[in-house]
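*Asks:* Below is the sequence, then the predicted model.
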Protein chains: 4
Amino acid sequence: MPSETVTLSGHIIDNLTLPNVLDEVVNGGFKYRLIDLNLGVRHDDTSTARIEVTTGTEEEMTHLLDQLRAHGANPETVEDARLIEADMDGALPPGFYSSTNLETDVRIDGKWLRVTHPEMDCGIVVEEDRARTVAMGEITKGMKVVMSGLGIRALPIERTRGEDRGAFEFMSSDLSSEKPKGLLLDQVADQMRAVKAEGKRILWVVGPALVHTGTAPDISALIRAGYVDALFAGNGVAAHDVESNIYGTSLGVHLDRGTPAEHGHEHHIRAVNEVRRHGSFKAAIDAGVFKDGIVYHLIKHEREYLFGGSVRDDGPMPETVTDMMEVQRRLRDIIWGHDGTDLVGCCIVVGTMLHGIATGNCLPASVPLVCVDINQATVTKLMDRGSWQSIGIITDLSLFVRALVERLAPGELDRIG
Amino acid sequence: MPSETVTLSGHIIDNLTLPNVLDEVVNGGFKYRLIDLNLGVRHDDTSTARIEVTTGTEEEMTHLLDQLRAHGANPETVEDARLIEADMDGALPPGFYSSTNLETDVRIDGKWLRVTHPEMDCGIVVEEDRARTVAMGEITKGMKVVMSGLGIRALPIERTRGEDRGAFEFMSSDLSSEKPKGLLLDQVADQMRAVKAEGKRILWVVGPALVHTGTAPDISALIRAGYVDALFAGNGVAAHDVESNIYGTSLGVHLDRGTPAEHGHEHHIRAVNEVRRHGSFKAAIDAGVFKDGIVYHLIKHEREYLFGGSVRDDGPMPETVTDMMEVQRRLRDIIWGHDGTDLVGCCIVVGTMLHGIATGNCLPASVPLVCVDINQATVTKLMDRGSWQSIGIITDLSLFVRALVERLAPGELDRIG
Amino acid sequence: MPSETVTLSGHIIDNLTLPNVLDEVVNGGFKYRLIDLNLGVRHDDTSTARIEVTTGTEEEMTHLLDQLRAHGANPETVEDARLIEADMDGALPPGFYSSTNLETDVRIDGKWLRVTHPEMDCGIVVEEDRARTVAMGEITKGMKVVMSGLGIRALPIERTRGEDRGAFEFMSSDLSSEKPKGLLLDQVADQMRAVKAEGKRILWVVGPALVHTGTAPDISALIRAGYVDALFAGNGVAAHDVESNIYGTSLGVHLDRGTPAEHGHEHHIRAVNEVRRHGSFKAAIDAGVFKDGIVYHLIKHEREYLFGGSVRDDGPMPETVTDMMEVQRRLRDIIWGHDGTDLVGCCIVVGTMLHGIATGNCLPASVPLVCVDINQATVTKLMDRGSWQSIGIITDLSLFVRALVERLAPGELDRIG
Amino acid sequence: MPSETVTLSGHIIDNLTLPNVLDEVVNGGFKYRLIDLNLGVRHDDTSTARIEVTTGTEEEMTHLLDQLRAHGANPETVEDARLIEADMDGALPPGFYSSTNLETDVRIDGKWLRVTHPEMDCGIVVEEDRARTVAMGEITKGMKVVMSGLGIRALPIERTRGEDRGAFEFMSSDLSSEKPKGLLLDQVADQMRAVKAEGKRILWVVGPALVHTGTAPDISALIRAGYVDALFAGNGVAAHDVESNIYGTSLGVHLDRGTPAEHGHEHHIRAVNEVRRHGSFKAAIDAGVFKDGIVYHLIKHEREYLFGGSVRDDGPMPETVTDMMEVQRRLRDIIWGHDGTDLVGCCIVVGTMLHGIATGNCLPASVPLVCVDINQATVTKLMDRGSWQSIGIITDLSLFVRALVERLAPGELDRIG
């Protein structure tokens, strides 16, 4: 029966690395033997463990190593990663290594190469002395793909604790609407300031409730104040935003009075039609079609934006990308910057499960993610894929964004009323 | 087959009175004939209708008239109300008239008496030339109880519209978290200011999430600013509030750090025990046990309060009323003022279904009710018993109360941080 | 000031048509005068009304008529509809008439033409003696488009009541999880049987929770029993379904044990990759890749299916349509049948807001829609666009589908365990 | 600075005991030193650890030991527990030991006494050679109360794993409505059968939605089949149940048709009044007032029941206990059996947060708890106090109970339709 020895080090008890690794082995029906355990005597000490794992077949071992690697337990045996050429476009060879969102090295010709653009559920392709993730649909015949097995190591993010806890640490354990909200808001605002201080970008991923709740002026304020570097949303956000700036309504409700608009549902479709007639947001703005709002400010302040189509769209807006594979490509570009090295510093997901999960799927584990929704089930789903740095906040997105403006851009409050 | 003619007047089409009345008749399996319909030609005109309804039996007619009366359709036949003496304590005679929360008159000896303290689901008792509602459990043998049938008329609240709409009109149609929130907050703040300007009292009904979310300082600010005249809550609110002012925790979470407290769950039980040892909130405050918070401010500013016990309580706190019938009695006292004529001007329910429904059950229809919760199902249930003046808001209660402080007591913001 | 007289007939009080029409006029800030009101004296009688409405401008009148028309109040003035040629591809001329989902006639050369494929928020295009809805994105230059104004009439669906109520009538008033569930299930099952008895098709629109909850065998049973003629879903449903039939897991949980699978998240991506390697579901089934499940049964029993891509997809599956405009086109084909005349008889939406709303947008008002979700907010949103025949059920989709199998296909129960 | 050595043994890594203990120490701002760690080499081996903890003050040490004890880490130093006489009725002496719901021993005169009736948040009182929990409100002056500190040890329930996992293990990690539902139902049914096979009692704690959803016949079937030994609920359950068996309605909705009842809201209040007129459920049944339903079956089959009052009650029913302290006393009697030794075997909480939490507060950790609700937030709150054996299920309670009847009492299905 095949065995392999894996090693772990760090705060392996506090971080639950050791329990999780043992869990994986036992849950899989396999055996382990603790060969060596050097547990830190005090809280600051790091610990190390060596564990021999035994499976029934080589294939099980290959899979088990993949699992343990995701917890940062890497095999001792050092070999080059196995590469196989893709035999067709758009699909990986059987036995491919399915990537995690952790920093990862693959060993090629005796050297460990760092994989660029860590993203979960991709293949890893090696080209000369570079390794990178490639999504299944982007694979082309002949690419050299890393196979499951040895020669791969993952570097988990250390979960800090005690004094050293990261900004979002305290809430990650459980989700509830009954948390100290002012405190949470302070933490998110601090995180955003810190990201900007480091010269990194903030990516917002937002849903249409932002517009329905009258929160577009607040987002616009944050755009002006420099806290929105890029925005990813569905077509509906653009459509409702433009509608509200032409007609004062969102889905047929007057945003300044709360009353239903006469012929309100039409406004939505007419707003989309009007922008289509101009061919682009820029052309419509230049023609004076709308003069305020999220789209207006994104364009005026030259922020990056991506509107993805969905099956329920009217229109859609002329710049909405309707092919889902193309949306994913452009989203990766936004996340990594167009030269591929300007990774966003944090990501704020507000009021959207669909686009939030899409973004979470593409983000490396190192990027802090803030997920805000009034519905606990939505936040739970978004957090399922989160990393240690992520935080879910069950709250009213409208009051949440206003409270961010109060903290980050108080000078804008007079303007937005 | 018995028939009776009922009359309606007012904006009977706009207010849906006429459709609702016809609905009741048809749903009950009975027949109607529109005898007379004088529909206002223009929007401002009032309309009148006379409808003959026919049932199979006298008993059905009695019940149908009760139903139609709740919509403001009163029978033309004028007779005295039938009175029967209660034959036992604590229960009404069979056939009793079950009250609505509308203004109601009963006809005794040829004269219409206005029923004091309209409250739903009570009996109406006549004493000399006075009529008042009496809850089933408060009935004593010998009281003269109004029976279902003729001699009773209800006066529905006119639902205004167009320019004349009341503060909360616009939202009453449907509940959603996706409403213009700033606007809603402005309306609630305006309503509260108007109530105070009229010299009336504001009753708050609150749940423990107020304390867990760190919102007690905001409520305290509203107490100081004069916007909380009375507060009704469960024992848990008092217990968590005092806990947080002794230990800085609420249910074992540090409110100023968000981290779990060492031996935190104990704090709750120790806080309750300590106040019990002093015998009252006042005595505990005088002894310096706690120096801030909702309970502290209620007592210091001599606001009225009522903490009702529940089956899940620890302790409870010494002033918590553990008998539910006694809680209802005291709640009615708060609602109507201790001389019975100082009806509260509005009621704000925040984060509690149990106490909110209890209050809604006792309130007359004329008192505006604002129901705030993050859970749509909770707000829906609270609104089921609401009147035209009521509004349900699906939002985060912590950010909601903070936004009220910003509107009503901005001078307090520095103090509460 | 322009005035126009509109007429209504039917159960205009019971159905709230008259109050709604008056509401629209007053809410828009306009005036009305009731010229004629012939109210049915008894419940069975139909009523008619003639109302003169006056607006400030011709443009307001045009829009007001559009609004009233959606309630079935059509202008008396009979003129031909105004047609304008589309001046560009992919956008409608300004002033276009935005369609409702009601049966609609347009008057061309003195004759009323019935508009085929009623769908909301489309343009209406006239070609020779035919009129049809065309989505904005499908407009091509030169099409003759109906403008807002006269010459259009909508035919609302009569809301039946009393004895004659439709299957789903009783619940439409309010949404709550606290409804008699057995009764609701009986009604849905009766509706489905009736649709099949009429020779019509049943369209299912489903979300991935169907697979996660272990409900795929129940849907498969309904496919075999003939109660699923077409199925529309996202890529995730196909991916999870195939995963569960290759590996026994769904999103990494063993469906037969409930425990997390060893290397479970990989299963999902490997299942997608494997089907991609075969190029189609059929090819993968022929190769023995999977032998059971929703996809398997759809193909084996030659039911129609459409899997739409979304921005969060892995892969996607080879037959998933990734362009959203193409998904909408194919969805319309499914709804109307491929010759355009075989309209589906009812539509069951289970556990998906995105695809449910997409379908609701395309459906004519006459098709009964059943929306099932455990989340009240989801059902509320789906029902916002519903018609009288629609019903929202807040329940557990897994137990709901099983209960349908018990009612519709009890013979399958042994097989699915 | 005071130090103390605590010892742990068992599956201290797998069960997270060791990480949790270290967490508590570090979170409290204290230091630890791992003196001894004997980690099982293989999965079946038990492990032991000795940890020296150091705090700043004796008081901190006392509290820290309380915290660690709740995880099963007991101090090595063996001393008698410190006892102090209660100095007043209804409150504990400062410094009292606040109990957990674990099996607990206290050391008196050199002997370890097992504490009877483990319940959280109580005092422990020693009388001669017996120790028992006493709720704060039941303390009388002169009782000997155990103080925080040494001489107390808690015995945590071992969390089994792998092959040995308990019935409910698999789901305890996270709550979601998207779980294999049939499997969950099988597990709950198995657990109930096992409890009955051991001769133990099943306690149901239910909310009024059971009646509104038409599920009372299913509960009645389970009563007849012997799966309901005791039932705890609020007054509303009794009131709605009796209403539905007199009038066929629940809160004014006809349970057999789903339509609103003519004069439906009255039914509720009339049903309560009628039972009050008879003085007891039994007397009302004997008089033929109602002939079916939950209350009827509880009485006919001589099951135990407890209806607790709440502040929103109408009436209440004559047997409803309106004083909350008395409800808690009777609930403890039901849980432990009237001789105090017949502890219930499991507890099923369906559709009630208030009564579910009340019961969870009184139950020892060893009793498995099943919490069922359609609302995730409700289940989360109920589970917060749960033990390893507990399971939360987010589902439709009506379909859930029906599915239990199908599994446990299929012979009853014909009768309940």
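*Replies:* Great, that's in hand. Numbering: from 1, shown residues only, chains lettered A, B, ... in the order given.
*Asks:* helices or strands up against the strand or helix carrying residue A:131?
*Replies:* If you go by DSSP states H and E, residue A:131 is part of strand A:130-134. Counting contacts by 3 or more Cβ pairs under 8 Å, 6 or more residues apart in numbering or on different chains; DSSP states H and E, strand A:130-134 packs against strand A:111-116, strand A:123-127. (C-beta placed from N, C-alpha, C; glycine too.)
*Asks:* Of those strands, flag the one that's most buried.
*Replies:* strand A:123-127 (a mean of 20; mean count of other Cβ atoms under 10 Å in any protein chain shown).
*Asks:* That one and chain C, any residue contact?
*Replies:* No: figure legend: strand A:123-127 not in contact with chain C (Cβ under 8 Å from any Cβ of the partner chain); closest approach 8.8 Å.
*Asks:* Any chance of TSV for the helices and strands packed on strand A:130-134, columns mean pLDDT and distance to chain B?
*Replies:* Listed next are the helices and strands packed on strand A:130-134 as TSV, based on pLDDT from 0 to 100; distance: least, Cβ to the nearest Cβ, whole Å:
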stretch	mean pLDDT	distance to chain B
strand A:111-116	97	35
strand A:123-127	97	38
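*Asks:* what residues does the stretch 301-417 of chain A put near chain B?
*Replies:* So the stretch 301-417 of chain A meets chain B at A:374, A:394-396, A:398-400, A:402-403, A:417 (Cβ under 8 Å from any Cβ).
*Asks:* buried subset of those?
*Replies:* A:374, A:394-396, A:398-400, A:402-403 (16 or more other Cβ atoms under 10 Å in any protein chain shown).
*Asks:* Could I get the pLDDT score of residue A:264?
*Replies:* Looking at residue A:264, its pLDDT is 65.
*Asks:* Then residue A:174?
*Replies:* 62.
*Asks:* Stretch A:29-43 close to chain B?
*Replies:* No: contact between stretch A:29-43 and chain B is absent, the nearest approach being 14.8 Å (criterion: Cβ under 8 Å from any Cβ).
*Asks:* Tell me which residue is most central in chain A.
*Replies:* residue A:360 (2.8 Å; Cα atoms, centre = their mean).
*Asks:* Please settle this for me: is that one part of a helix?
*Replies:* Yes: the assignment for residue A:360 (DSSP: H, G, I helix; E, B strand; the rest coil) places it in a helix.
*Asks:* shouldn't it be in contact with residue A:369?
*Replies:* Yes: counting by Cβ atoms under 8 Å, residue A:360 does reach residue A:369; the two are 6.4 Å apart.
*Asks:* does stretch A:140-159 come close to chain B?
*Replies:* No: using Cβ under 8 Å from any Cβ, stretch A:140-159 stays clear of chain B, with a minimum separation of 14.6 Å.
*Asks:* centre of the chain versus that stretch, how much separation?
*Replies:* 20 Å (Cα atoms, centre = their mean, to the nearest Å).
*Asks:* And the average pLDDT for that stretch is what?
*Replies:* The pLDDT scores in stretch A:140-159 average 90.
*Asks:* go on, stretch A:372-392?
*Replies:* 79.
*Asks:* what about it and chain D, any contact?
*Replies:* Yes: on the criterion Cβ under 8 Å from any Cβ, stretch A:372-392 is in touch with chain D at A:376-377, A:380.
*Asks:* Of these - the most surrounded one?
*Replies:* residue A:377 (23 neighbours; other Cβ atoms under 10 Å in any protein chain shown).
*Asks:* helix/strand/coil for that residue?
*Replies:* Classification of residue A:377 using three-state DSSP returns helix.
*Asks:* Next up, the contacts around it.
*Replies:* By Cβ atoms under 8 Å, 6 or more residues apart in numbering or on different chains, residue A:377 lies in contact with C:375, D:176-177, D:376.
*Asks:* Identify the farthest-apart pair in the residues you listed.
*Replies:* The largest separation in the contacts of residue A:377, counting by Cβ to Cβ, is between C:375 and D:176 at 11.9 Å.
*Asks:* the more surrounded of the two?
*Replies:* residue C:375 (22 against 18).
*Asks:* Distance of the closest residue to that one other than its chain neighbours relative to chain B?
*Replies:* The shortest distance from residue C:375 to any non-neighbouring residue, by Cβ to Cβ, 6 or more residues apart in numbering or on different chains, is to residue A:377 (6.3 Å). According to Cβ to the nearest Cβ, to the nearest Å, residue A:377 stands 12 Å off from chain B.
*Asks:* And residue A:377, how close does it get to residue D:77?
*Replies:* Residue A:377 is 48 Å from residue D:77, where distance means Cβ to Cβ, to the nearest Å.
*Asks:* Specify which member of the buried ones among the residues of the stretch 301-417 of chain A next to chain B is nearest to residue A:384.
*Replies:* residue A:394 (14.8 Å).
*Asks:* so how many other residues sit close to the residue lying closest to the closest one once chain neighbours are set aside?
*Replies:* Nearest non-adjacent residue to residue A:394, counting by Cβ to Cβ, 6+ apart: residue A:177, 4.1 Å away. As a burial measure, residue A:177 scores 24 neighbours (other Cβ under 10 Å).
*Asks:* list the contacts for residue A:177?
*Replies:* A:376, A:394-395, B:209, B:213, B:374, B:396, D:377.
*Asks:* which one of the residues you listed is nearest chain C?
*Replies:* Relative to chain C, the closest of the contacts of residue A:177 is residue A:376; by Cβ to the nearest Cβ it sits at 9.8 Å.
*Asks:* what about the helix or strand encompassing residue A:355 and chain C, touching?
*Replies:* Take DSSP H and E as the rule and residue A:355 turns out to sit in helix A:354-362. Yes: Helix A:354-362 lies within reach of chain C by Cβ under 8 Å from any Cβ, at A:354-355, A:357-358, A:361.
*Asks:* quick one: that helix near chain D?
*Replies:* No: for helix A:354-362, no contact with chain D is found by Cβ under 8 Å from any Cβ; the gap never falls below 13.8 Å.
*Asks:* Packing partners of that helix?
*Replies:* Against helix A:354-362 (3+ Cβ pairs under 8 Å, 6+ apart) you get strand A:202-206, strand A:230-234, helix A:324-336, strand A:346-350, strand A:369-373, helix A:376-384.
*Asks:* Show me what it is in contact with.
*Replies:* A:119-121, A:203, A:205-207, A:232-234, A:308, A:310, A:327-328, A:331-332, A:335, A:347, A:349, A:369, A:371, A:381-382, A:385-386, C:310-312, C:314, C:354.
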